[in-house]
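Undergrad: what follows is a predicted protein model with its sequence.
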Amino acid sequence: MAPEILPETVLMRTPEVTAWWTPAAVRPMFFSETSDGKTLNGKAYPHPPLVFVVEGAHGLSVRALVENRRPGPRSALSIAPYWNVNEVGGVCLGSMATPRSAGYPAWGVG
């Protein structure tokens, strides 16, 4: 792997895995207040600090951080409060397009 300068939000990177975090923030979410799953509204909602991990070309997971600061090896993690995330943090990607490698992710960094 060639040397590269990574943003401070990147926690670790290997040829197979990239992990990064985002601080707590208000961000848009695209669902209906009536939860019909069909209407997209883009309203702003508070999100906790999050840790994302992408493995290979198709594995994405997310966990919520207990504290709003850059995590370390002993940082406490919780289940992220999203509908498409299972109990171990795996994100159901459905038909979403994904990168072809686990290299520097195009989303969530910077």
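TA: The structure has been received and is ready for your questions.
Undergrad: secondary structure element for Pro81?
TA: Under DSSP states H and E, no helix or strand contains Pro81.
Undergrad: am I right that it is in contact with Pro48?
TA: Yes - here Pro81 reaches Pro48: they are 7.0 Å apart, a contact under CB atoms under 8 Å. For glycine as for every other residue, the C-beta is placed from the backbone atoms N, C-alpha and C.
Undergrad: higher neighbour count, those two?
TA: The neighbour count for Pro81 versus Pro48, taken as other CB atoms under 10 Å, is higher for Pro48 (17 against 12).
Undergrad: before we move on, the earlier item: hey, what's in contact with both of Pro81 and Pro48?
TA: Ala64 (CB atoms under 8 Å, 6 or more residues apart in numbering).
Undergrad: quick one: mean pLDDT over the strand or helix carrying Val53.
TA: Assigned by DSSP H and E, Val53 belongs to strand 50-55. For strand 50-55, the mean per-residue pLDDT is 94.
Undergrad: give me the residues contacting it.
TA: By CB under 8 Å, 6+ apart, the list of residues contacting strand 50-55 reads 11, 16-22, 59-65, 71, 77, 80, 89, 99, 102, 105, 108.
Undergrad: could you rerun that using 7 Å?
TA: 16-22, 60-65, 71, 77, 80, 102, 105, 108 (CB atoms under 7 Å, 6 or more residues apart in numbering).
Undergrad: just the buried ones from those?
TA: Buried members of those, scored by 16 or more other CB atoms under 10 Å, are 18-22, 60-65, 71, 80, 102, 105, 108.
Undergrad: related to what we said a few turns ago, output the strand holding Val53 as PDB, nothing but the C-alphas.
TA: Coordinates of the C-alpha atoms in strand 50-55 are reproduced here as PDB (Å, rounded to 0.1, in the frame of the first residue of the first chain):
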ATOM      1  CA  LEU A  50     -20.900   6.900  14.900                       C
ATOM      2  CA  VAL A  51     -18.200   4.400  13.900                       C
ATOM      3  CA  PHE A  52     -18.400   2.900  10.400                       C
ATOM      4  CA  VAL A  53     -16.400  -0.100   9.200                       C
ATOM      5  CA  VAL A  54     -16.300  -1.200   5.600                       C
ATOM      6  CA  GLU A  55     -14.900  -4.700   4.900                       C
END
